[in-house]
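> Task: produce atomic coordinates for the following.
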Amino acid sequence: MMANCCGLLTSQKEPVPLKSVEVELEVRDHVAAVVSTLNYENKEDKPLEAVFVFPLPGDAAVCHFSAKIGQTHIVAEVKEKQEAREEYDDALSSGQQAFLLEESEQSPDIFSLSVGSLPPGESASIRLEYVIELAVQADEGLRFCLPAVLNPRYQPQGSEAGKVQVTSVPASLVPYSLSFSAQVSSPRPVSKVESNCPLDPLQHLNTEQTRATVKLAAGHKFDRDVELLIYYKDAHQPTAVVEAGQASSKPGTLMGDPVVMLSLYPEFPQAVTSSVASCGEFVFLLDRSGSMDGPMNNSDNHQTCIGSARDTLLLLLKSIPLGCYFNIYSFGSSYEHIFPKSVEYNQKTMEEALKKVDEMEADLGGTEILEPFKHIYSQPCIPNQPRQLFVFTDGEVGNTKEVINLVKQNSGSHRCFSFGIGEGASSALINGLAKEGGGHAQFITGTDRMQPKVMQSLRFALQPAVVDISVTWDLPKGVSVTALSPPITALFQGQRSLVYAQLTGQSSEASEGCVTVKYSLAGHPSQNQLHFSLRPAEDTGLTVHRLAARTLIRSLEMEERECEEEEDGGVKKKKVVDLSVQSGVSSAFTAFIAVNKGNSEAIQGPLVRRNVPTPMMACSMPQMNMMACSMPQMNMMACSMPQMNMDMGVNSGFGASPWSSLDESEPFAAKQVFTCKEFVVAEVSLPKQPHRDPLLQLVSLQKASGCWVLDPDLAAALGKTSEEVEKPKPASVNQDVWATILALIWLHGFKMDAQEEWELLAMKAVSWLRAQKASCVKECVEAGNALLGCNVQEDSLGI
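Predicted coordinates for the structure are as follows:
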């Protein structure tokens, strides 16, 4: 066993130069600006280089990087990545201080920060700024996530990408502190702010309650990402914000011209949103890598990610309508599918699938997600059955961009709904799959239940797809528009769509513009219009420009990947570099570089590298089912492991350049590297899984047609004996009709708090009952209420 760590040491007893992280969040309506300050101090007797690989939200626009050493303040510049690396290396070789911040070329939610040549006794403060759009949740909350956990990313075998060493330690041993505060302002009152982490009480800063502040309670354990959910009192409305260009930039360029950000919230007719399609091919893709065996959260209920996913698949398979087709894939180092190709949904195929689902464990090794995607796309689509792909993963993959690119290439043939499970799921992967696949992304963290979020996405999938989407502009004479966002490919009821556009020229005539979004829904043409002022908003800085630049950069990067083997690949890359440098926003092909050229004295002595450890969830270790310090048979406990350098899918050189001044004899050069195959784990008795939830017990008994049958299992699920259930049945009523009405009464009487989870399968039951043209429904409902002790009205059942 490892002795308790004292002071700021890694688990290899090396000093950690990072002492604290301070994060300040400023939210304006649905856009956030984040300032992170990382404080370093070298308490050793030799100069250090500190390397910190850490997560950021995948859709963040990193727009500022600076360093303060003593009284000297250096602001970094954005340069082409190789040029920035060479400048960093040259500075270290000549004894200068230098700072390098670069984005992973494989996944835009991983960054590497190198703090070079920190002399003995010296302190440095690094400031990092980014802006981000906040996603709208099902309950209209806005979600901000500060990724605190960077789980090892599984890199597929045979990948051409290089490796970067990520030093991870269990969350309880992270040797630096985090402070976090947020200021929220909006034209609408702030009603509440919730978090998966303890918060100090929300404080409103004015009587209108349109400004508020909140802080993370002291003592954050780094065992989870920090998630904030922000709620305003009024529903979201379509808005337009025009931001003036940068005075120092040339007119006609993105940074020199005004940019408009449109937030669109389409409203569909009630008749469409309440209807459910009776066709579709539903393909469910489930992650069964070893990391899915970890707990859903840090409570004591022992629900694992894979266990929750099994329960969710049960609800999904009971909720899809008769007449649809379906298949279930699962993947790890290899992949499996229940049927050779998608099959028609009926009682026989549903039972066969549920039997296989019940046997699924997190036992397929790594996270090779690309191959099952390829196999799914190789299957021909079924005529008149729109393909809907549901992906469940903890998002720990190294080839994120390759996967997203494949989804984009096939976006015309399907919609992709993605679900990030647990702490540390890659936001770049989960959001990217849904965005390029025309679907919707959900994150399940903390104490969230997976089922309600998945069922909301199923409701989206069962609604008719919005097609023929177009955006047209009506602007005064003399003003032209250039779209900066890719075309809108998906619209969902109540979900925001963002559009960025550059406005060039001026008009003396009018100060108002109009944008019209046209689309076709269920065969009916519709449109939404938004009139907006061309007068620039005040006090937005360059936030909108930076978000627009980030959007355009991501689109160009995607195009570059698509044509990298053609001649124009280099042209696209140059466009990305030029735009990144002009806007000051990071990209896969650029990096922030700062060199302290004012330091006249060269730093003497060999440079020692220190890898700053990142928090890691215990469950993220490949192939390890259970970790506990007290288990005597296990040599490699999460709490006593040396720093673990996980292979990650990024090009060589990312955060690990071989500087000539580096002393290869230092301890960091001989760190242990484990691969999935090298784990030998003793048998561990897992805690007994809790008894199945009563709701899931009842749901599991429903037939594919939507009915229940009167049998002892149903009686037990209702908490009754067979005799108690059979005796009050009206004589003229069919047994299955009676059983189905009882099940519906039980759901409405005892499980209204989980209505989102059973609403669709209850609709199937009601449709089945109507088809039976059953008599004595009123008598059945009265008898059922008396039996179950409920007071459910016949009307509320919808029969």
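> where exactly do the strands run in the stretch 401-550 of the chain?
414-421, 441-444, 466-474, 480-483, 497-504, 512-521, 524-533 (DSSP state E, counting those that start in this stretch).
> contact partners of the second one?
If you take CB atoms under 8 Å, 6 or more residues apart in numbering as the criterion, strand 441-444 is touched by 135, 143, 145, 296, 308, 417-422, 425, 427, 430-431, 433-435, 450, 453-454, 456-457. Backbone N, C-alpha and C define where each C-beta goes, glycine included.
> got CSV for the strands of the stretch 401-550 of the chain, with mean pLDDT and mean neighbour count too?
Compiled in CSV, the strands of the stretch 401-550 of the chain are given as follows (pLDDT from 0 to 100; neighbours: other CB atoms under 10 Å):
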stretch, mean pLDDT, mean neighbour count
strand 414-421, 92, 25
strand 441-444, 88, 24
strand 466-474, 91, 14
strand 480-483, 95, 14
strand 497-504, 94, 20
strand 512-521, 91, 17
strand 524-533, 89, 13
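> Same list, the ones you listed, but as TSV with distance to Leu579 please.
Output for those, formatted as TSV (distance: least, CB to CB, whole Å):
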stretch	distance to Leu579
strand 414-421	27
strand 441-444	25
strand 466-474	22
strand 480-483	13
strand 497-504	12
strand 512-521	24
strand 524-533	25
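> between those strands, which one is nearest to Met752?
strand 441-444 (21.9 Å; CB to CB).
> looking at the strands of the stretch 401-550 of the chain, which is closest to His73?
strand 497-504 (31.8 Å).
> before we move on, back to that, can you list which of the contacts of strand 441-444 are found in helices?
Among the contacts of strand 441-444, the members found in helices (DSSP state H) are Ser308, Ser427, Ile430, Asn431, Leu433, Ala434, Lys435, Met450, Lys453, Val454, Gln456, Ser457.
> ok so, going back, what's the closest of the strands of the stretch 401-550 of the chain to Leu542?
strand 497-504 (13.0 Å).
> That closest one packs against which elements?
strand 259-264, strand 480-483, strand 512-521, helix 543-562 (3 or more CB pairs under 8 Å, 6 or more residues apart in numbering; DSSP states H and E).
> can you list the residues that contact it?
133, 242, 251-252, 254, 257-266, 471, 473, 475, 479-485, 488, 491, 513, 515, 517, 534, 544, 547-548, 551-552.
> mind listing what that strand pairs with, with the direction of each?
strand 259-264 (antiparallel), strand 480-483 (antiparallel) (DSSP bridges).
> Run the angle between the first one and strand 512-521 for me.
The directions of strand 259-264 and strand 512-521 differ by 40 degrees, with axes from the mean of the first three to the mean of the last three CA atoms, to 10 degrees as the criterion.
> Tell me what angle strand 259-264 forms with helix 543-562.
Using the same axes, to 10 degrees: strand 259-264 against helix 543-562 is 80 degrees.
> where does the stretch 51-200 of the chain dip in pLDDT?
Within the stretch 51-200 of the chain, the segments meeting pLDDT under 70 span 149-169, 171-172.
> all helices for it, in order.
81-93 (DSSP state H, counting those that start in this stretch).
> Could you measure from the residue nearest to Ala425 when sequence neighbours are not counted over to Phe373?
The spatial neighbour of Ala425 that comes closest, neighbours along the chain excluded (CB to CB, 6 or more residues apart in numbering), is Gly395 at 3.6 Å. In this view, Gly395 and Phe373 are 14 Å apart by CB to CB, to the nearest Å.
> out of those two, which sits in the more crowded spot?
Taking other CB atoms under 10 Å, Gly395 and Phe373 do not tie; Gly395 has more neighbours (30 against 23).
> which residues touch Met350?
Applying CB under 8 Å, 6+ apart, the residues contacting Met350 are Leu317, Lys318, Ala704.
> Now the strand or helix carrying the first one - C-alpha only, CSV.
Leu317 is part of helix 305-319, with elements assigned from DSSP states H and E. This file holds the C-alpha atoms of helix 305-319, laid out as CSV (Å, rounded to 0.1, in the frame of the first residue of the first chain):
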residue,chain,number,x,y,z
CYS,A,305,-23.2,2.5,-16.5
ILE,A,306,-23.8,-0.8,-18.3
GLY,A,307,-26.6,-1.7,-15.9
SER,A,308,-28.4,1.6,-16.5
ALA,A,309,-27.9,1.2,-20.3
ARG,A,310,-29.6,-2.3,-20.1
ASP,A,311,-32.6,-0.8,-18.3
THR,A,312,-32.7,2.0,-20.9
LEU,A,313,-32.7,-0.5,-23.8
LEU,A,314,-35.6,-2.3,-22.1
LEU,A,315,-37.7,0.9,-22.1
LEU,A,316,-36.7,1.7,-25.7
LEU,A,317,-37.7,-1.8,-26.9
LYS,A,318,-41.1,-1.6,-25.2
SER,A,319,-41.7,1.9,-26.6
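> is it true that Leu742 touches Asp711?
No: with contact defined as CB atoms under 8 Å, Leu742 and Asp711 do not form a contacting pair (11.8 Å).
> And those two? Which one has more around it.
Leu742 (28 against 14).
> what secondary structure does that one sit in?
On the three-state scheme (DSSP: H, G, I helix; E, B strand; the rest coil), Leu742 is labelled helix.
> Next: Trp758.
helix.
> just to revisit the earlier point, okay, the helices and strands packed on strand 497-504 in a markdown table with distance to Asp358 next?
Rendered in a markdown table, the data for the helices and strands packed on strand 497-504 read as follows (distance: least, CB to CB, whole Å):
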| stretch | distance to Asp358 |
| --- | --- |
| strand 259-264 | 43 |
| strand 480-483 | 49 |
| strand 512-521 | 38 |
| helix 543-562 | 39 |
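> ok so, going back, now render the strands paired with strand 497-504 as CSV, adding distance to Arg561.
Shown next, in CSV, are the strands paired with strand 497-504 (distance: least, CB to CB, whole Å):
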stretch, distance to Arg561
strand 259-264, 25
strand 480-483, 21
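> Ok, which of those comes nearest Phe52?
strand 259-264 (32.0 Å).
> Between strand 524-533 and the closest one, find me the angle.
Using the same axes, to 10 degrees: strand 259-264 against strand 524-533 is 140 degrees.
> chain center to strand 259-264: distance?
Centroid displacement of strand 259-264 relative to its chain, using CA atoms, centre = their mean, to the nearest Å, is 23 Å.
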